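In: Provided below for reference: sequence and predicted model.
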Amino acid sequence: QFGVYVDIIADNIWRTAGWMALAIVQHQVAWLCLVVVGTEWTTFFASQVVSLTKHNASKYQKKHWKNQSHATLMILRRWYFHNGFRNPVGALGIAGLFMAPLVILVQHTFV
């Protein structure tokens, strides 16, 4: 459980560094960088706050979105998470998470 949080936080820090580097180099998209970083960290804290508290963890464990039936998930969400992101939709989403700052930087710098 602790390792999962360390992995998620490390990923968030890495992506935050990428977005902040982009904001420093391209001031025109600094607002976008702040929105993306703020949304990502807010999503992390909002989705994990219940499981971080021992008192609430057992009470809400069955309601956690990962424990819900896949039949209730939208089809795009099912495609995205299918086989641990090892599918075209999941790969595109993960690539977008990590590569978006670099793509925007290259687009604004060389195009």
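Out: Structure's in. What do you need?

In: Please pull out the lowest mean pLDDT helix or strand from the protein.
Out: helix 54-60 (a mean of 56; mean pLDDT, DSSP states H and E).

In: Stretch 101-108: which residues count as buried?
Out: Going by neighbour count (16 or more other C-beta atoms under 10 Å), the buried part of stretch 101-108 is 101, 104, 105. Any C-beta I mention is one placed from the backbone N, CA and C, and that applies to glycine too.

In: Now render those residues as a markdown table, adding distance to residue 23, secondary structure and pLDDT.
Out: Output for those, formatted as a markdown table (distance: C-beta to C-beta, whole Å; DSSP: H, G, I helix; E, B strand; the rest coil; pLDDT from 0 to 100):
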| residue | distance to residue 23 | secondary structure | pLDDT |
| --- | --- | --- | --- |
| 101 | 9 | helix | 89 |
| 104 | 10 | helix | 86 |
| 105 | 10 | helix | 84 |
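
In: Pick the one among the residues you listed closest to residue 2.
Out: Comparing these against residue 2 with C-beta to C-beta places residue 101 closest, at 28.2 Å.
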